[in-house]
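[1] what shape does this take:
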Amino acid sequence: MFLLLSIIGLLVLGTSTTSAATGGSGSALYSCGGVPFHLGALNRPRGYERGRSPLARALRAFLRKSANDVGQSSHGWFLLGRRGSVALLASGRRSPYGELIFGLKHARWTWEGSGGCAPRAYHYGLEGSKWFLPARTKLAPSTRRVRLLVQEDNCASGHDARGRVLPPIIRYGTRAITVTYFIRPAGGNQTCQGVPPTPVTLILKQPLGHRALLDGATPASSSRLSRRIDRTLHAARGIRLCDGVRHVVHGSSTGSPSPGGCGPKPRNSRPSGPASKARATSGETRIASRVRISKT
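    Now for the predicted structure:
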């Protein structure tokens, strides 16, 4: 009986973990400001502000009065996601999208914040952190261990994220291996000067082969590189793929390493807490909810 209950418990935990990673429908979740959504939501019809729902009417009234004041478009909006009483609306056709946050209080939708939405992968209640290969990194078809540098966006008083980098989500495909890292925010009060990248070692269950190694933190990373792979894999064994997302892939030991690598441009960390008026001024982190992280 105990064995049967244990098996059932493992099955339930396994289902829960898969759902958290894939959104329960086989497609990854992304987020802006802690509001999760499926990638397909970016293709929703524009013009939500012309609708008749209470949220659409509140959006329309706000745009008429304050669109210029907050530097946002007066038309072309769509509902990107909703989390409880918080709704995320976006405009535009490419990242960063225009972003408006509305909250439902006392049965009325009111504006709470605005900014730009650059979708990030969402898991563990956190948004994904970008990673890159150190300069002169060389990958071969037999590669299964890779040294990477993961860049934190949260405030951490100038320290790297050692001890706070969570196990990556790895998806193995026929043309690419997509790796997504998440960083647990530092606790307590943190200052927001720039933070250095954190060194990690990625261990793959399969040899890299002639597949690309992609950063899954942003949807643009995978789509741009996948198109380039189609055009270049047949042309050479040594492939250098940066394209704005900082990856280098060499198909064989004869490929010459990149002389300068594809490291990140220096930038300061920024606070990125729950989307609201305080988002631009508070030191809150990206974590949107406290989710228990399974070790399995």
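[2] worst-scoring helix or strand of this protein, pLDDT-wise?
    helix 2-22 (a mean of 35; mean pLDDT, DSSP states H and E).
[3] what does the helix or strand just after that helix contact?
    Downstream of helix 2-22, the next assigned helix or strand under DSSP states H and E is strand 29-32. Outside of strand 29-32, the residues within contact range by C-beta atoms under 8 Å, 6 or more residues apart in numbering are 22-23, 36-39, 80-81, 88, 90, 97, 99, 117-123, 127, 219, 275, 288. C-beta coordinates here come from the backbone N, C-alpha and C atoms, glycine included.
[4] and strand 29-32, which strands flank it?
    If you go by DSSP bridges, strand 29-32 pairs up with strand 35-38 (antiparallel), strand 120-123 (antiparallel).
[5] dump these to CSV, plus mean pLDDT.
    Listed next are these as CSV, based on pLDDT from 0 to 100:
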stretch, mean pLDDT
strand 35-38, 94
strand 120-123, 94
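[6] reformat the ones you listed as TSV; add distance to L214 and mean neighbour count.
    As requested, the strands paired with strand 29-32 are exported to TSV (distance: least, C-beta to C-beta, whole Å; neighbours: other C-beta atoms under 10 Å):
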stretch	distance to L214	mean neighbour count
strand 35-38	19	21
strand 120-123	11	26
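[7] any chance of these in a markdown table, plus distance to G163?
    Listed next are the strands paired with strand 29-32 as a markdown table, based on distance: least, C-beta to C-beta, whole Å:
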| stretch | distance to G163 |
| --- | --- |
| strand 35-38 | 26 |
| strand 120-123 | 19 |
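[8] how many neighbours does A61 have?
    Neighbourhood size, A61 [other C-beta atoms under 10 Å]: 13.
[9] pretty sure it is in a strand, no?
    No - using DSSP: H, G, I helix; E, B strand; the rest coil, the assignment for A61 is helix, not a strand.
[10] does R64 sit in a helix, a strand or a coil?
    Assignment for R64 (three-state DSSP): helix.
[11] ok, now A56?
    Three-state call for A56 (three-state DSSP): helix.
[12] gap between it and A135?
    Using C-beta to C-beta, to the nearest Å, A56 is found at 50 Å from A135.
[13] then I177?
    From I177 to A135 the distance is 21 Å (C-beta to C-beta).
[14] tell me which of these two has more neighbours.
    Per other C-beta under 10 Å, whichever of I177 and A135 has more neighbours is I177, with 21 against 14.
[15] what residues are up against the more buried one?
    I177 makes contact with I170, R171, L204, Q206, L208, R211, A212, L213, L214 under the criterion C-beta under 8 Å, 6+ apart.
[16] try it again at 6 Å.
    Contact analysis of I177 by C-beta atoms under 6 Å, 6 or more residues apart in numbering lists R211, L213.
[17] which element is it on?
    Short version, using DSSP H and E: I177 is in strand 176-180.
[18] immediately after that strand, which helix or strand?
    For strand 176-180, the following helix or strand on the C-terminal side (DSSP H and E) is strand 198-203.
[19] next, the buried residues of the helix or strand just after that next one.
    Sequence-wise, the next helix or strand downstream of strand 198-203 (DSSP H and E) is strand 212-215. Using 16 or more other C-beta atoms under 10 Å as the test for burial, strand 212-215 gives A212, L213, L214, D215.
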